[in-house]
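**Q** Next one to model:
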Amino acid sequence: MAGFNRPRMLQLQAISRSYRAGAAGCAASVRILDGVCLTVSAGQVVLIRGQHGAGKSTLLRCVAGLQSADSGERRLSSTGPGRVQYWPAPHDWRRAGMRSGDATRALHLFDDPLVDGFPGARAEFSAVVKRIAVARHALIIATSASVRDWAHLLPAGARGYELERGRLRAIAVETRSPRSAPLRARAEPVMQVALTP
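**A** Model (predicted):
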């Protein structure tokens, strides 16, 4: 939900990345990112969910400029982030919260943050995320946890994606306050089949 007056901080167009796999004499190439496109504006929070090995860390390292893509384009807007902050360790987000009040906008990248490691971590993480968004920084969170686990940690308007088979697919991210009623799973329709002799 990017507003009209929010500067674009990041634009990825058709980012692809492969790794060589296999043993000597029997090598193959495995495509981990396949034409990923993503745009992030100031003040936005983006959640990227995927299984272990789906390419979430590779995507964040490409965004941070720590790893090159095989093809595609990464654009950081001149009016966007003054810096890109990559936080690869589980509790690095605590340090990011201390810097969220900087005047220079930053694009923060949290790589699978573990927010249950100490008492009060979830509430503190939620406050850090909200401070980053209010300060018109941008945030991309990569996680293997269920999107439901993030429901009350993200601000309203957060966007969600599933990274699967190298591609991003938009998914719904329901946000709620910790005091609101718990999310309820929707009952899936059951197909009834009548068997005839």
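
**Q** Check the offset of the helix ranked longest in the chain from the chain's centre.
**A** Ranked by residue count under DSSP state H, the longest helix found in the chain is helix 121-134. Offset of helix 121-134 from its chain centre (CA atoms, centre = their mean, to the nearest Å): 15 Å.

**Q** and the angle from the next helix or strand after that helix to helix 121-134?
**A** Sequence-wise, the next helix or strand downstream of helix 121-134 (DSSP states H and E) is strand 138-143. Strand 138-143 and helix 121-134 are oriented at 150 degrees to each other (axes from the mean of the first three to the mean of the last three CA atoms, to 10 degrees).

**Q** For the helix or strand just after strand 138-143, which strands pair with it and how are they oriented?
**A** As assigned by DSSP H and E, the chain's next helix or strand after strand 138-143 is strand 159-164. Here strand 159-164 has these sheet partners by DSSP bridges: strand 45-49 (parallel), strand 167-171 (antiparallel).

**Q** next helix or strand past the first one?
**A** Tracing the chain past strand 45-49, the next element assigned as helix or strand by DSSP H and E is helix 56-64.

**Q** How about residues contacting that next one?
**A** Defining contact as CB atoms under 8 Å, 6 or more residues apart in numbering, one finds that helix 56-64 is touched by 10, 12, 15, 17, 32-33, 36, 48, 50, 67-69, 74, 84, 86, 88, 107, 109, 111-112, 140, 142-144, 163. Quick note: C-beta positions are derived from backbone N, CA and C, even for glycine.

**Q** tell me how far it is from the chain's mean position?
**A** Relative to its parent chain, helix 56-64 has a centroid offset of 10 Å by CA atoms, centre = their mean.

**Q** mean confidence for that helix?
**A** What helix 56-64 shows for mean pLDDT is 95.

**Q** Report the angle between it and strand 167-171.
**A** Using the same axes, to 10 degrees: helix 56-64 against strand 167-171 is 100 degrees.

**Q** Which SSE is immediately downstream of helix 56-64?
**A** strand 71-76.

**Q** tell me the mean pLDDT for that next one?
**A** 94.

**Q** if I pick R74, what's in contact with it?
**A** 10-12, 15, 62-63, 65.

**Q** mind redoing it with 10 Å?
**A** Each residue near R74 by CB atoms under 10 Å, 6 or more residues apart in numbering is listed here: 10-13, 15, 38, 62-65, 68.

**Q** Could you give me the ChimeraX syntax to select whichever of the residues you listed are buried?
**A** To isolate the buried ones among those in ChimeraX, judged by 16 or more other CB atoms under 10 Å, type:
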select :10,11,12,15,38,62,63,64
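
**Q** Mind putting the contacts of R74 into CSV with distance to D92?
**A** Below are the contacts of R74 laid out as CSV (distance: CB to CB, whole Å):
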residue, distance to D92
L10, 19
Q11, 25
L12, 22
Q13, 28
I15, 23
L38, 21
C62, 18
V63, 15
A64, 13
G65, 17
S68, 23
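
**Q** which one of the contacts of R74 sits closest to I171?
**A** Top of the list for closeness to I171, among the contacts of R74 and by CB to CB, is L38 at 13.4 Å.
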